[in-house]
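Student: Turn this into a model:
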Amino acid sequence: MNINFPSKSTNQWLIGLIIAATAATGGIIYYAISESGVISQKTSTPSVVTTPVVRKVTALGRLEPEAEIIKLSAPLSLDGDRIGELLVKEGDRVEAGQVIAILDSRARLQSSLQQAQEQVKVAQAKLAQVKAGAKSGEIQAQQATVERLQAQLEGDKAAQLQAIARIEAQWSGEKLAQTATIRKLEAELNNAEAELRRYQQLFSQGAISNSLFDSKRLSVETTRQQLNEARANLERINTTNSKQLREANVILDRINATGNKQIREAQATLTQIAEVRPVDVEAAQSEVDNAIASVKRAQTDLNLAFIRAPITGVILKVHSRPGEKIDSSGVVELAQTDRMMAIAEVYQTDIGKVKIGQKATVTSQSFSGELTGFVERIGLQVERQNVFSNQPGENLDRRVVEVKIRLTPEDSQRVSGLTNLQVQTAIEQ
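Tutor: Numbers count the residues shown, from 1 in each chain. Next up, the predicted model:
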């Protein structure tokens, strides 16, 4: 069987025809798809409305009263005193000037005030007396006082001189008597010693007994001991009487000094009574003024024993109870909680995005919803962070700037009892 294959020229023509057909078909398909996409894009693409993204600066913070927390303590002059009475409790609202507590020193200071007031009365009476001048009866009475003191001095001096003379006479008599006793005992001792020597010779010759010789020797020792005692008594007499005489002379000197001083004072008083001088009136007036100043000072000290509230606010915490000593914590903590603020600790790299007047929101798990406010003040120094989220890996040495956010009055009332509450703040840029 014979098969006829196409020629070479015929094959080339077929290949060219196939390529041309394929290209035409691809162009038609591309045109159709392109037209379909343009029509679909023109007819079915909807318009997209974009919502602007609000950027915020977030930071941890805390709630504080606008006027900050005030610690009331005792004044420096009464530092370390104890609380006598505590008139408030935590949560009480107090007015400016209201007494918060009374210190234990009140009774002592009241006594000092009363004493100062009595001193004013005394000074005023003395001033009135000086201005009125002296009466003749007063002058005569004072003159009699001077004469009485002079007579008393002379009498006391005479009595003391007699006492001195008596001591001297007694001393002299006792000394003479004791001296005579010593001389007698010295003679007896000499006689006994001579007799002992004779008896000792006789004893050595065997002319007397041993007992007789011992009695003579004992007599010598007894006389010698009596002589020593007499001499000791003489020394004691001299010492005792000498001491008594010195004491009597000291008393005499004291009588002279005291008596003369009393007489001089009485004479000065007599001179003062007899003459009323302007300088005396001025001196008495100065005493009155000084006494009045002492009253004012005592009243001021007494007022310090009453611890008063400097502002109207709420007692947040009581640190000292009645009977306790006031320490560095003070007595109570007071604040104006009706106007609260959020203190946001903004990271130092974000502080440039914060401006005064920007709106801010405050949230916390301790209250529902969120609080609103605006930035009122931006701190002027970078500090170490004080509020932490307690998350693992948190940087505890971050540098922040405090930003104060004023809350709206309604939101401020909502959190008036949450001072120092940790919150999250978001400041809109």
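Student: And the strand or helix carrying Ala187, what does it pack against?
Tutor: Secondary structure assigned from DSSP states H and E places Ala187 in helix 136-205. The contact analysis (3 or more C-beta pairs under 8 Å, 6 or more residues apart in numbering; DSSP states H and E) places helix 136-205 against helix 210-274. Every C-beta, even on glycine, is put in place using the N, C-alpha and C of the backbone.
Student: any chance you could map the helices in the stretch 301-429 of the chain?
Tutor: Secondary structure of the stretch 301-429 of the chain by DSSP state H, counting those that start in this stretch: the helices cover 409-414.
Student: Output the below-cut-off pLDDT ranges for it.
Tutor: Under the criterion pLDDT under 70, the flagged ranges of the stretch 301-429 of the chain are 389-396.
Student: contacting residues around the residue nearest the centre of the chain?
Tutor: Per C-alpha atoms, centre = their mean, the C-alpha nearest to the average position across the chain is that of Asp79, at 3.2 Å. Taking C-beta atoms under 8 Å, 6 or more residues apart in numbering, we find Asp79 in contact with Ile326.
Student: From Asp156, how far off is it?
Tutor: Distance, Asp79 to Asp156, by C-beta to C-beta, to the nearest Å: 53 Å.
Student: Check Leu371 too.
Tutor: Separation of Leu371 from Asp156 (C-beta to C-beta): 92 Å.
Student: the more surrounded of the two?
Tutor: Leu371 (23 against 17; other C-beta atoms under 10 Å).
Student: Would you agree the more buried one is in contact with Leu407?
Tutor: Yes: judged on C-beta atoms under 8 Å, Leu371 makes contact with Leu407 at a distance of 5.4 Å.
Student: Now do the shared contacts for these two.
Tutor: Residues touching both Leu371 and Leu407 (C-beta under 8 Å, 6+ apart) are Ala342, Val362, Val415.
Student: Nearest residue to the first one in space, please, no chain neighbours.
Tutor: Taking C-beta to C-beta, 6 or more residues apart in numbering as the measure, Ala342 lies nearest to Ile405, with 4.2 Å between them; neighbours along the chain are not counted.
Student: Now for that neighbour: which residues touch it?
Tutor: Residues in contact with Ile405 (C-beta under 8 Å, 6+ apart) are 61, 341-344, 360, 362, 373-376, 425, 427.
Student: go again using 6 Å as the cut-off
Tutor: Ile405 makes contact with Ala342, Ala344, Ala360, Gly373, Val375, according to C-beta atoms under 6 Å, 6 or more residues apart in numbering.
Student: Equivalent analysis for Glu193, please.
Tutor: With contacts defined as C-beta under 6 Å, 6+ apart, Glu193 is in contact with Val220.
Student: how far away is it from Gln201?
Tutor: The gap separating Glu193 from Gln201 is 13 Å, by C-beta to C-beta.
Student: what touches both of these two?
Tutor: Counting by C-beta under 6 Å, 6+ apart, no residue touches both Glu193 and Gln201.
Student: about what we covered before: now the residue nearest to the centre of the chain. Its backbone dihedrals?
Tutor: The phi and psi values for Asp79, taken as degrees, to the nearest 10, are phi -60, psi 140.
Student: quick one: buried residues of stretch 341-361?
Tutor: With burial defined by 16 or more other C-beta atoms under 10 Å, the residues of stretch 341-361 counted as buried are 341-347, 350-351, 354, 358, 360-361.
Student: Pull the residues that contact it.
Tutor: Contacts of stretch 341-361 with the rest of the structure, by C-beta under 6 Å, 6+ apart, involve 57, 59-64, 66, 362, 370, 372-375, 382, 385, 387, 399-406, 423, 425-429.
Student: Mind doing that once more with 7 Å?
Tutor: Applying C-beta atoms under 7 Å, 6 or more residues apart in numbering, the set of residues contacting stretch 341-361 from outside is 57, 59-64, 66, 362, 370-376, 378, 382, 385-387, 398-407, 423, 425-429.
Student: Compute the first-to-last residue distance for it.
Tutor: Start-to-end span of stretch 341-361 (C-alpha to C-alpha, to the nearest Å) is 12 Å.
Student: these two touch, right, Asp338 and Ser416?
Tutor: Yes: counting by C-beta atoms under 7 Å, Asp338 touches Ser416, with 6.0 Å between them.
Student: Give me the common contacts of those two.
Tutor: Counting by C-beta under 7 Å, 6+ apart, Asp338 and Ser416 have no shared contacts at all.
Student: Can you spell out which residues form a bridge with the residue nearest to Ala342?
Tutor: For Ile405, the beta-bridge partners are Ala342, Val375 (DSSP bridges).
Student: Look up how far Arg384 lies from it.
Tutor: Ile405 sits 20 Å away from Arg384, going by C-beta to C-beta.
Student: Return the per-residue confidence for Leu270.
Tutor: pLDDT, Leu270: 78.
Student: What's the local residue count around the closest residue to it other than its chain neighbours?
Tutor: Spatial nearest neighbour of Leu270, excluding adjacent residues (C-beta to C-beta, 6+ apart): Gln142 at 4.3 Å. The burial count assigned to Gln142 is 19, neighbours taken as other C-beta under 10 Å.
Student: contacting residues for Gln142?
Tutor: Taking C-beta under 7 Å, 6+ apart, one finds Ala266, Thr269, Leu270, Ile273 in contact with Gln142.
Student: Give the burial count for the spatially closest residue to Arg398 that is not a sequence neighbour, as a bare number.
Tutor: Once flanking residues are discounted, Arg398 sits nearest to Gln385: 4.4 Å by C-beta to C-beta, 6+ apart. Neighbour count for Gln385, taken as other C-beta under 10 Å: 17.
Student: swap in Val288?
Tutor: By the criterion of other C-beta under 10 Å, Val288 has 19 neighbours.
Student: Return a ChimeraX selection command for the buried portion of the contacts of Gln142.
Tutor: Buried residues among these (16+ other C-beta under 10 Å), as a ChimeraX selection:
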select :266,270,273
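Student: mind putting the contacts of Gln142 in JSON lines, distance to Ala165 included?
Tutor: Output for these, formatted as JSON lines (distance: C-beta to C-beta, whole Å):
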{"residue": "Ala266", "distance to Ala165": "30"}
{"residue": "Thr269", "distance to Ala165": "35"}
{"residue": "Leu270", "distance to Ala165": "35"}
{"residue": "Ile273", "distance to Ala165": "40"}
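Student: Nothing else from me, thank you.
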